[in-house]
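Participant: Everything below, folded, please.
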Amino acid sequence: MTQQSSSTRAAFIMVCGMVAFTINDSIMKAVLGHIPLMQAIFLRGLVNVVLVSTIVVRLLGAPRFDLSTRDWGLVLARAACETGAAFAFLYAVTRMSFANAVAIEQMVPLVIVLAGFVVFRDPLGWRRSVAVLVGFLGALLIVKPGSGDFNGASIWAFVTVFFITGRDMCVRAMSDQVPTATIAITTVLFVTACAGAASMVVTWAPMTMPLVFGIVAAGAFLIIGYVCSIVVMRVGDMTATAPFRYTSVVTALILGQVFFDEWPDTWSLLGAAIIAGTGIFTVFREAQLGRRRPRP
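Facilitator: Sure thing, here's the model as predicted:
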């Protein structure tokens, strides 16, 4: 396979993964109009446990559980961050524009640069510093603090970004002895268990067949996105696929308009474009400097 064809294939897989993740989020937003948050995450988690145990583990190989105490602590911390991210993001999308929430989530590469500087003492040059600052300004255009359009749910979208950053920092700190399969199955079990426990203190809503179908579909699209994110790191150059990560914003705009009758205003669209542009630049700079990229 030539390098060009490999990059083309990786770009296509990246697009498929981002679209799948965004469809999962949009389905969950629709489902959450009828059932409580914890009930929805728990039921989707049950679907994910089955799919990860049968499909993802087959793709990744058997998990190992003879890890060091330090690695187990990081695996569980990553699972906790993933749980927090799921709760915070889904809470946000039920109370704000779907596309705006997805756009804010795309700040992750920028915040990871800052976290790498703080936690791992990675060099932080002026170019990336400016990119991070401009990216945050783009986010402010979306949330518009202090204006009549400000929605407090935007705070939860930012919380999601910091949880995802913490998740990736945990992965970076792990030793190479931790298989991705172990991370995957531990995470889905942890998220499902936490949501199940939390759902016990809320009144469950009755499940209709459309809701059951929605939960199963959301779980399936989430796993498709996860599998694509694994495969793309194996077959393609991250610098070549990085711009295609932001197809999730375009997908969110389309889904938000078609299914939720939402369309961000001009300032929000400009903010989303700024976040995407600075994020792409940051990923390219990280690749040039040879940073170690977190595993899925």
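
Participant: Kindly list the main-chain dihedrals of Trp204?
Facilitator: Dihedral angles of Trp204 (phi, psi; degrees, to the nearest 10) stand at phi -70, psi 140.

Participant: typed the wrong thing, it's Met174
Facilitator: According to degrees, to the nearest 10, Met174 has phi -70, psi 160.

Participant: repeat for Ala153
Facilitator: phi -60, psi -20.

Participant: What is the burial count for it?
Facilitator: 18 (other CB atoms under 10 Å). Quick note: C-beta positions are derived from backbone N, CA and C, even for glycine.

Participant: can you check Val201 too?
Facilitator: Residues near Val201, counting by other CB under 10 Å: 7.

Participant: Just the pLDDT at it, thanks.
Facilitator: Listed pLDDT for Val201 reads 95.

Participant: So it: helix, strand or coil?
Facilitator: coil (DSSP: H, G, I helix; E, B strand; the rest coil).

Participant: That one and Val159, how far apart?
Facilitator: 21 Å (CB to CB, to the nearest Å).

Participant: Over to Gly116?
Facilitator: With CB to CB as the criterion, Gly116 and Val159 are 20 Å apart.

Participant: Out of the two, name the residue with the larger neighbour count.
Facilitator: Per other CB under 10 Å, whichever of Gly116 and Val159 has more neighbours is Gly116, with 21 against 17.

Participant: Can you tell me the element that one falls in?
Facilitator: helix 108-120 (DSSP states H and E).

Participant: Which strands or helices does that helix pack on?
Facilitator: Using 3 or more CB pairs under 8 Å, 6 or more residues apart in numbering; DSSP states H and E, the elements in contact with helix 108-120 are helix 126-143, helix 154-173, helix 266-288.

Participant: centre of the chain versus the shortest one, how much separation?
Facilitator: What it means is helix 126-143. 19 Å (CA atoms, centre = their mean, to the nearest Å).

Participant: And for the second one?
Facilitator: In this view, helix 154-173 has its centroid 9 Å away from the chain centroid, taken as CA atoms, centre = their mean.

Participant: Give the buried residues for it.
Facilitator: Of the residues in helix 154-173, 154, 156-173 count as buried by neighbour count, 16 or more other CB atoms under 10 Å.

Participant: can you list the residues that contact it?
Facilitator: 74-75, 77-78, 81-82, 84-85, 88-89, 91-92, 95-96, 100-101, 104-105, 107-108, 111-112, 115-116, 119-120, 139, 142-143, 183, 292, 294-295 (CB atoms under 8 Å, 6 or more residues apart in numbering).

Participant: Report the inter-axis angle for that helix versus helix 126-143.
Facilitator: 150 degrees (axes from the mean of the first three to the mean of the last three CA atoms, to 10 degrees).

Participant: Can you show me the helices along this protein?
Facilitator: 3-31, 37-51, 57-60, 69-93, 98-105, 108-120, 126-143, 154-173, 180-199, 209-235, 238-241, 247-260, 266-288 (DSSP state H).

Participant: Comparing these, which yields the minimum mean pLDDT?
Facilitator: When I compare those, helix 238-241 is least confident, with a mean of 62.

Participant: rewinding a little: which among the helices and strands packed on helix 108-120 is found nearest to Thr54?
Facilitator: Closest to Thr54 of the helices and strands packed on helix 108-120 is helix 154-173 (CB to CB; 23.5 Å).

Participant: Report the angle between that closest one and helix 69-93.
Facilitator: 160 degrees.

Participant: Only C-alpha atoms, please: export helix 154-173 in PDB.
Facilitator: What follows is helix 154-173, C-alpha atoms only, in PDB (Å, rounded to 0.1, in the frame of the first residue of the first chain):
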ATOM      1  CA  SER A 154     -21.900  25.600  28.400                       C
ATOM      2  CA  ILE A 155     -19.900  25.200  31.600                       C
ATOM      3  CA  TRP A 156     -20.600  21.500  31.500                       C
ATOM      4  CA  ALA A 157     -19.200  21.300  27.900                       C
ATOM      5  CA  PHE A 158     -16.000  22.900  29.300                       C
ATOM      6  CA  VAL A 159     -16.000  20.400  32.100                       C
ATOM      7  CA  THR A 160     -16.200  17.600  29.500                       C
ATOM      8  CA  VAL A 161     -13.000  19.000  27.800                       C
ATOM      9  CA  PHE A 162     -11.100  18.900  31.100                       C
ATOM     10  CA  PHE A 163     -12.300  15.300  31.900                       C
ATOM     11  CA  ILE A 164     -11.200  14.200  28.400                       C
ATOM     12  CA  THR A 165      -7.800  15.900  28.900                       C
ATOM     13  CA  GLY A 166      -7.400  14.100  32.200                       C
ATOM     14  CA  ARG A 167      -8.300  10.800  30.500                       C
ATOM     15  CA  ASP A 168      -5.600  11.300  27.900                       C
ATOM     16  CA  MET A 169      -3.000  12.400  30.500                       C
ATOM     17  CA  CYS A 170      -3.700   9.200  32.400                       C
ATOM     18  CA  VAL A 171      -3.000   7.100  29.300                       C
ATOM     19  CA  ARG A 172       0.200   9.000  28.600                       C
ATOM     20  CA  ALA A 173       1.400   8.300  32.100                       C
END
